[in-house]
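*Asks:* could you look at this predicted model? Sequence included:
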Amino acid sequence: MNHSLLKTLLGSATALAFVATSAVAEDWRAWNIHTDGHPNTAAMDRFAELVAEKTGGEITVEVFHGGVLGSQPDALEQVQLGAIDVGNFNLGPIGPIVQEANLVSLPFIFRDVDHMFRVMAGPAGDRVSAGMAEAGIMPIGWFDAGARSFYNNTGPINSPDDVAGMKIRVMNNDLFTGMVNAMGGNGTPMAFAEVYQSLSTGVVDGAENNLPSFQSVGHFEVAGFYSLSEHLIIPECICVNTSQFEGLSADMQAAVVAAAEEASVFQRELWAEQTQASREAVEAAGVQINEIADKTPFQDAMAPVYADYLAANPAMTELVELAQSTE
């Protein structure tokens, strides 16, 4: 959570502090879709440890991993209702609930992962956090979920012109289809399970995903070029039920947020290590990875995509401009 929003939240809680030192159930349940070995699983366990430590045991968190408490849509609803206290959620599926969360699904809205975190810690992030909190899903820490980049069988992508004529598999979202089409390619929605075979047989020329996924599902075996376009950077959050959080004393709120921020730093370090290990593995297998020195041409190519999106969602215009102006 960024400091300006936290200051506002803590200020609003001051009036409650004299009523009771803590006004929450002592035992919280937390949802996580990931399993053992995933950075988020380790980070959520770390969050639970830190909450107990920083609250002096007044609040304990039991984390249920592997989605045992339900799917992400189910868990989102349960956190909104307060049946689950905390969740580790990807912001993509939150968009239908909170319009502001759709900011992160705009292609090339962020220059790189560090820029994404700066945006989320600034005025644009304030807007996203406030919208989520109003919907009952208050973010108190941001996780790294990687950056999706293009990979293909043809050659390195260094400019939008290199995408022209390529048939590229994308997730089933008009924004992502439009992204590829705006560069002269053919954005092709397709079930993820079909991508490997489609790459190997030439049904599609390429696809896009983050490096750990590119490696873990074996797509590096059938796509020899990976270009670090980082066109889609969607963070994940530690989110707490808003009413639950607002029922805490100011001291307990600060302790929980501090635990989330420390766990988030831990998660980002683990994610960076995993990404580097995946990069080394696919390069050792013969994949050519290229950096893209200047992403401005890609961002400029998105003008029609943004124009269509903002025409349909004019309330997002100021938020998009805030994000784009963040240094």
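*Replies:* Now that the structure is in, tell me what you want to look at. Numbers count the residues shown, from 1 in each chain.
*Asks:* pLDDT value on the residue lying closest to G218 once chain neighbours are set aside, please?
*Replies:* Closest residue in space to G218, ignoring its immediate chain neighbours: Y196 at 6.3 Å, by CB to CB, 6 or more residues apart in numbering. For every residue, glycine as well, the C-beta is placed using N, CA and C. We have a pLDDT of 97 for Y196.
*Asks:* what about Y196, neighbour count?
*Replies:* 16 (other CB atoms under 10 Å).
*Asks:* just checking, it touches H219?
*Replies:* Yes. Look at Y196 against H219 with CB atoms under 8 Å: they come within range, at 6.1 Å.
*Asks:* ok so, going back, now the residue nearest to G218: which helix or strand?
*Replies:* Secondary-structure assignment from DSSP states H and E places Y196 in helix 195-201.
*Asks:* again with Q244
*Replies:* helix 242-246.
*Asks:* which is the next helix or strand following that helix?
*Replies:* helix 250-284.
*Asks:* list the helices and strands that next one packs on?
*Replies:* Here helix 250-284 touches helix 3-17, helix 39-54, strand 137-143, helix 211-216, strand 236-241, strand 288-290, going by 3 or more CB pairs under 8 Å, 6 or more residues apart in numbering; DSSP states H and E.
*Asks:* okay, these, which one's buried deepest?
*Replies:* Mean neighbours per residue, mean count of other CB atoms under 10 Å, is largest over those for strand 236-241, with a mean of 28.
*Asks:* and that strand, how far from the chain's centre?
*Replies:* 11 Å (CA atoms, centre = their mean, to the nearest Å).
*Asks:* that strand vs strand 137-143, what angle?
*Replies:* Counting by axes from the mean of the first three to the mean of the last three CA atoms, to 10 degrees, strand 236-241 lies at 150 degrees to strand 137-143.
*Asks:* residues in contact with strand 236-241?
*Replies:* Residues from elsewhere that reach strand 236-241, judged by CB atoms under 8 Å, 6 or more residues apart in numbering: 40, 44, 47, 79-82, 84-91, 132, 136-145, 256, 260, 263-264.
*Asks:* who does that strand pair up with?
*Replies:* Sheet partners assigned to strand 236-241 using DSSP bridges are listed as strand 86-90 (antiparallel), strand 137-143 (antiparallel).
*Asks:* now tabulate these in a markdown table and tack on mean pLDDT and distance to E269.
*Replies:* Converted to a markdown table, those look like this (pLDDT from 0 to 100; distance: least, CB to CB, whole Å):
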| stretch | mean pLDDT | distance to E269 |
| --- | --- | --- |
| strand 86-90 | 96 | 16 |
| strand 137-143 | 98 | 11 |
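*Asks:* just so I know, which of those strands lies nearest P235?
*Replies:* Ranking the strands paired with strand 236-241 by distance to P235, with CB to CB as the measure, places strand 137-143 first at 4.9 Å.
*Asks:* and the helix or strand just after that closest one, what does it pack against?
*Replies:* Downstream of strand 137-143, the next assigned helix or strand under DSSP H and E is strand 148-152. Where contact means 3+ CB pairs under 8 Å, 6+ apart, strand 148-152 is packed against strand 206-209, strand 225-232.
*Asks:* next, give phi and psi for A135.
*Replies:* Note on A135: its backbone torsions stand at phi -80, psi 0 [degrees, to the nearest 10].
*Asks:* that one contacts I97, doesn't it?
*Replies:* Yes. A135 lies in contact with I97 (CB under 8 Å); the separation is 5.4 Å.
*Asks:* common neighbours of the two, please.
*Replies:* Common neighbours of A135 and I97 (CB under 8 Å, 6+ apart) are Q80.
*Asks:* of these two, which one has the most company?
*Replies:* For A135 versus I97, neighbours defined as other CB under 10 Å are more numerous around A135 (19 against 16).
*Asks:* so what's the nearest residue to the more buried one once chain neighbours are set aside up against?
*Replies:* Spatial nearest neighbour of A135, chain neighbours left out: V98 (5.0 Å); criterion: CB to CB, 6+ apart. Listed by CB under 8 Å, 6+ apart, the contact set of V98 reads 128, 131-132, 134-135, 137.
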